[in-house]
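1. Next one to model:
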Amino acid sequence: MMKIAFLGIGLMGGPMVENLLNAGFPLTLWNRTRVKAEKYAERATIASTPAEAVNNADIIITMLENGPVVEEVLTTGGVVGACKPGAMLIDMSSIPPTSARQHAEQLDKVHCRYLDAPVSGGTVGAAQATLSIMVGGSQADYQLAQPVFAALGKSTYIGPTGSGQLAKLANQAIVGITIGAVSEALLLAAQGGANPEAVREALMGGFASSRILELHGQRMIERNFMPGARARVQLKDLRMILDEARAENLTLPLSQRVYDEYLSLVNTINPNVDHSGLLLQLESLNHVRLNDQPVQAPISDSHS
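-> Just a heads-up that it's a prediction; the model follows:
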């Protein structure tokens, strides 16, 4: 079995590690907060630094919060210098396509392979090994990584390096905009006197049906905003979408509007709520509530 170094044991990384262990891969783990990795100490090796984690790995998987963190781990953390020739780094974080291309160049100089392979499916998909994995890089490297991807979900080869990240940006544009649409639709119906739960059920049988309506619509009705994917991460992704659009001389008015709403949510309400918590910003804007149930949400005192 290929030896895997897994860097980043967060909301997504934890269940992904679990699935790789269940598939029989030998793992070495590193996380900035060591205690999150130590829960796997009986089944995996725990490293003190990123460089230590990767120095004997065939596959290196990074599942980190954003581009700057990935850059720090690769350079300051010593991953680029420590990975053995022929090893493959699979970055499953969501970062700018330009950063993915730069990282591929850095690793090529030390004779290491690189795939950008961001995922969609949230913590549920991570736990159930049903993630949608969008892969950029060489087709030969993509084929070599199939046993790893198969343990985590369904992979699709998108194109050359950076293409996986472009597909993820497309995914996040649809997710962010649709969360906004579902929030507005349910609030509109409820304020007119309709039962939002019945409205959601009816819409699930029609052309407006979607996974966002199914899962996040229910979250909104239950007012359960404990994070699967945090609002501040959705904001980061929307910022990358708009940056990429500018680089391509595109104007994306819907993405811009939803970005503005997430920015208000993160800055004035709570950066750590689930991204379905965009409903809270809409309620604040209108001085109304969807229903009278108590809000389930994390404390808003930290971005860590």
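
2. Against L64, how distant is the residue lying closest to N55 once chain neighbours are set aside?
-> Leaving aside its chain neighbours, N55 sits nearest to A82 (4.7 Å; criterion: C-beta to C-beta, 6 or more residues apart in numbering). Every residue, glycine included, has its C-beta placed from N, CA and C. Separation of A82 from L64 (C-beta to C-beta, to the nearest Å): 17 Å.

3. Just want to know which of the two has more residues nearby.
-> A count of neighbours by other C-beta atoms under 10 Å puts L64 above the other of A82 and L64, at 24 against 20.

4. Now find how far off-centre the helix or strand harbouring R239 is within its chain.
-> R239 is located in helix 231-247, with elements delineated by DSSP states H and E. Centroid separation for helix 231-247 versus its chain: 13 Å, with C-alpha atoms, centre = their mean, to the nearest Å.

5. which residues touch L107?
-> By C-beta atoms under 8 Å, 6 or more residues apart in numbering, the contact list for L107 reads 80, 83, 89, 113-114.

6. How about Q293: what's its closest non-neighbour residue?
-> R223 (4.7 Å).

7. Could you count how many residues lie near the one you found?
-> Residues lying near R223 (other C-beta under 10 Å) number 19.

8. Do you know the pLDDT at it?
-> If you check R223, the pLDDT there is 97.

9. same question, S302
-> Value listed for S302 in the pLDDT field: 41.

10. ok, now A23?
-> 98.

11. likewise G121?
-> pLDDT at G121 comes out at 90.

12. Pretty sure it sits against A129.
-> No. Using C-beta atoms under 8 Å, G121 makes no contact with A129, being 9.5 Å away.

13. higher neighbour count, these two?
-> Taking other C-beta under 10 Å, G121 and A129 do not tie; G121 has more neighbours (22 against 19).

14. Return the distance of the closest residue to that one other than its chain neighbours relative to T161.
-> If the residues on either side of it in the chain are set aside, G121 comes closest to L131, at 4.3 Å by C-beta to C-beta, 6+ apart. Distance, L131 to T161, by C-beta to C-beta: 20 Å.

15. more crowded one of those two?
-> L131 (26 against 22).

16. per-residue pLDDT, the more buried one?
-> The model's pLDDT for L131 equals 98.

17. all helices for the stretch 1-150 of the chain, in order.
-> Here the stretch 1-150 of the chain has its helices, by DSSP state H, counting those that start in this stretch, at 13-22, 34-38, 50-54, 67-74, 79-82, 97-109, 122-128, 139-144, 146-150.

18. what's the most buried one of these?
-> Highest mean neighbour count among the helices of the stretch 1-150 of the chain (mean count of other C-beta atoms under 10 Å): helix 50-54, with a mean of 25.

19. Not counting that helix itself, show me its contacts.
-> When contacts are defined by C-beta under 8 Å, 6+ apart, helix 50-54 is touched by residues 5-7, 28-30, 47, 60, 73, 77-79, 81-83, 87.

20. Distance from that helix to the middle of the chain?
-> 23 Å.

21. Stretch 114-133 too?
-> Here stretch 114-133 is found 8 Å from its chain centre; the criterion is C-alpha atoms, centre = their mean.

22. Could you do stretch 131-140 as well?
-> Per C-alpha atoms, centre = their mean, the centroid offset for stretch 131-140 relative to its chain is 15 Å.

23. Mind listing what's buried along that stretch?
-> Within stretch 131-140, the residues scored as buried using 16 or more other C-beta atoms under 10 Å are 131-137.

24. Any chance of the residues you listed in a markdown table with distance to V266 as columns?
-> Shown next, in a markdown table, are the buried residues of stretch 131-140 (distance: C-beta to C-beta, whole Å):
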| residue | distance to V266 |
| --- | --- |
| L131 | 25 |
| S132 | 25 |
| I133 | 27 |
| M134 | 25 |
| V135 | 30 |
| G136 | 28 |
| G137 | 32 |
